[in-house]
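**Q** no sequence on hand, only this structure:
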């Protein structure tokens with residue numbers, strides 16, 4: 001599996017959009033000029049149109065499969081932090097985090113599953129339960145791995161660290177993610 005940097009993924013997205021922008025006029029030009037072209041020119045125009053159509057279709061597939069922003073919620077309890085993420089398909093990130101934290105990661109109990117079940121309506125799933133790890137270390141690890149890191153402390157104060165352009169955010173915003181199911185009593 002190849003893990004690409006965020007900037008590489010953004011560059012590829014720009015290339016796909018530019019490919020679409022260039023393929024459409026080529027297809028229009030082929031459609032307009034094919035009737036008045038000679039036999040050799042028709043063959044060349046059909047070949048050019050086929051290449052443009054193939055590039056257009058492949059670029060649309062790549063844009064459709066463009067990964068979502070990976071977001072993580074760090075929800076602090078009394079002595080532990082629950083990690084909920086929207087990127088279950090990126091299990092390698094969670095395995096990496098679990099391997100680094102080692103014995104501080106514990107299994108999610110049935111009570112925890114019931115407690116964090118409402119988050120699933122918003123697309124977040126409780127994935128890891130971490131004990132005895134400093135919040136700053138856990139936050140630093142998550143900012144290196146995920147695009148958006150939301151942290152909630154015991155008093156329901158939220159911090160948002162936007163890390164899609166760099167893993168070293170210099171500031172945080174006081175905002176929470178769009179959660180329909182979040183209760184301040186949680």
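**A** Cool, got the structure. The model shown is predicted, which means the values in this text are computed figures rather than measured ones.
**Q** contacting residues around residue 113?
**A** For residue 113, the contacting residues are residue 126, by C-beta atoms under 8 Å, 6 or more residues apart in numbering. The C-beta positions use only the backbone N, C-alpha and C, and glycine is treated the same way.
**Q** now do the helices in this structure.
**A** For the chain, the helices defined by DSSP state H occupy 6-33, 39-64, 91-101, 110-116, 135-145.
**Q** most tightly packed of these?
**A** Across these, averaging neighbours per residue (mean count of other C-beta atoms under 10 Å) puts helix 135-145 on top, at a mean of 17.
**Q** so which elements touch that one?
**A** Applying 3 or more C-beta pairs under 8 Å, 6 or more residues apart in numbering; DSSP states H and E, one finds that helix 135-145 makes contact with strand 71-76, strand 80-85, helix 91-101, strand 148-152.
**Q** switch the cut-off to 10 Å
**A** If contacts are counted by 3 or more C-beta pairs under 10 Å, 6 or more residues apart in numbering; DSSP states H and E, helix 135-145 sits against strand 71-76, strand 80-85, helix 91-101, strand 125-131, strand 148-152, strand 158-162.
**Q** pretty sure residue 29 sits against residue 52.
**A** Yes: counting by C-beta atoms under 10 Å, residue 29 touches residue 52, with 9.0 Å between them.
**Q** shared neighbours, these two?
**A** Counting by C-beta atoms under 10 Å, 6 or more residues apart in numbering, no residue touches both residue 29 and residue 52.
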